[in-house]
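>>> Next comes the sequence, and after it the predicted model I'd like to discuss.
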Amino acid sequence: LFQRRGGKILESNLVVEKGKESFKPDFDLQGALEKWQALPEAERVPGAVKVGEMDAVDRQRAVLTPPPGTLILKLYYRAFMREDNKLRYLTDDDLWHDEKGEKTEAKLVHKRITTPQAHPDHMWLSEAEWKSLMPASPHVGDKFAMPAGIADRLVRRHLNPRSVYDGHSDGLDSASVRAAELNLTIEAVSADRVRLRLDGHAKLGQPPTPDVVAGKIASMSQWGYDPKLLGFLEYDPQKQVFTRFDVVALGDQFGRVGLTIGAARPGCQPLGVTFELVTGDRPADRVPPGSASTARPYFDPKR
């Protein structure tokens with residue numbers, strides 16, 4: 001969990017002990033499990049803790065749910081390392097907490113064991129938005145720009161490298177987007193399928209310094225990400241729905257990966273983001289994008 005103090009988000013752990021809540025940054029999960037197992041069985045059996053009836057839901061604070069007709073994309077962010085002109089998975093030794101690598105994730109007492117792993121998120125397209133992706137009369141070879149509202153949210157919110165591992169997919173400000181272009185091309189048209197190809201690129205944040213380019217340091221004060229995008233979308237004209245929405249963004253990134261983790265990789269290293277269509281039938285696929293809530297409108301183009 002995360003706790004806000006003075007406008008900053010600090011990593012913390014919410015502990016509930018004997019009905020009282022407290023935040024403990026260095027909470028010992030293994031020790032807590034041992035305490036739990038030491039309790040009398042009567043206090044641990046199902047039903048020992050009585051939960052009352054739920055009060056009326058505060059709609060201003062309720063978890064955001066996909067509006068009817070929403071197209072849901074599952075995203076995965078993953079940071080890699082480049083070694084001998086090949087990609088390899090990230091390790092704790094690759095995450096530096098200072099420019100020279102004297103402090104690494106591997107040397108920390110409280111390791112974040114999930115940091116090197118893929119980070120999931122979601123992107124939502126309203127019914128009006130995903131319908132705007134399909135021309136009324138598609139012809140092979142037609143090329144057009146992705147609708148501005150969708151492209152803006154995809155680039156500023158879902159290609160934000162500072163959201164990786166944090167679950168905070170806040171939108172970048174416009175000044176952080178040095179360049180961005182997303183185009184769609186009609187590749188095939190038949191009675192039961194229209195295939196579109198997505199091509200694009202973006203330049204986010206700042207250009208790397210010479211020392212970062214040379215791999216001598218990990219940038220702790222600046223960041224940048226220059227992904228290229230390739231994707232394939234398929235639309236069923238009979239059912240009037242998208243049946244495929246596969247997109248990959250891959251490019252070099254430098255600087256911290258995430259706002260609260262605070263670690264960076266040395267030099268410029270690959271960061272990938274994948275997008276794929278899901279039905280939304282599983283509860284896990286209906287989790288709101290990043291930190292979106294009713295208080296922070298996800299579909300607001302100004303965000």
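Sure thing, it's come through.

>>> Just the pLDDT for Arg296.
Note for Arg296: predicted pLDDT of 55.

>>> How is this structure divided into domains?
2-44, 71-286 (automatic domain parsing).

>>> Turn these into JSON lines, columns for distance to Thr65.
In short, each C-beta sits where N, CA and C put it, glycine included. Shown next, in JSON lines, are the domains of the chain (distance: least, Cβ to Cβ, whole Å):
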{"stretch": "domain 2-44", "distance to Thr65": "22"}
{"stretch": "domain 71-286", "distance to Thr65": "7"}
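
>>> most tightly surrounded among these?
Compared across these, domain 71-286 shows the largest average neighbour count, a mean of 17 (mean count of other Cβ atoms under 10 Å).

>>> how long is that domain from one end to the other?
Criterion Cα to Cα, to the nearest Å; first-to-last residue distance in domain 71-286 is 11 Å.

>>> do the same with stretch 156-176
8 Å.

>>> hey, least reliable of the domains of the chain by pLDDT?
What stands lowest among these, in mean pLDDT terms, is domain 2-44, with a mean of 63.

>>> For Phe275, give me its contacts.
73-75, 123, 158, 231, 245-249 (Cβ atoms under 8 Å, 6 or more residues apart in numbering).

>>> Just the closest of those to Ser137, please.
For these, the closest approach to Ser137 (Cβ to Cβ) belongs to Phe245, at 21.4 Å.

>>> Now do the SS call for that closest one.
Using DSSP: H, G, I helix; E, B strand; the rest coil, the structure places Phe245 in strand.

>>> That one and Gly200, how far apart?
According to Cβ to Cβ, to the nearest Å, Phe245 and Gly200 sit 14 Å apart.

>>> A helix includes Lys35, no?
Yes: applying three-state DSSP, one finds Lys35 inside a helix.

>>> ok, Arg153 touching Gly171?
Yes: applying Cβ atoms under 8 Å, one finds Arg153 in contact with Gly171, separated by 7.2 Å.

>>> Identify the bridge partners of the closest residue to Leu271 other than its chain neighbours.
Counting by Cβ to Cβ, 6 or more residues apart in numbering, Leu271 lies nearest to Gln253, which is 3.9 Å off, once chain neighbours are set aside. Following DSSP bridges, Gln253 is listed with bridge partners Tyr225, Gln269.

>>> list the contacts for Gln253?
Here Gln253 is in contact with 79, 161, 223-226, 268-271 (Cβ under 8 Å, 6+ apart).

>>> cool, and Gln222?
205-206, 208-209, 254-255 are the contacts of Gln222 under Cβ under 8 Å, 6+ apart.

>>> Secondary structure added to the residues you listed, as a markdown table?
Listed next are the contacts of Gln222 as a markdown table, based on three-state DSSP:
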| residue | secondary structure |
| --- | --- |
| Gly205 | strand |
| Gln206 | coil |
| Pro208 | coil |
| Thr209 | coil |
| Phe254 | strand |
| Gly255 | strand |
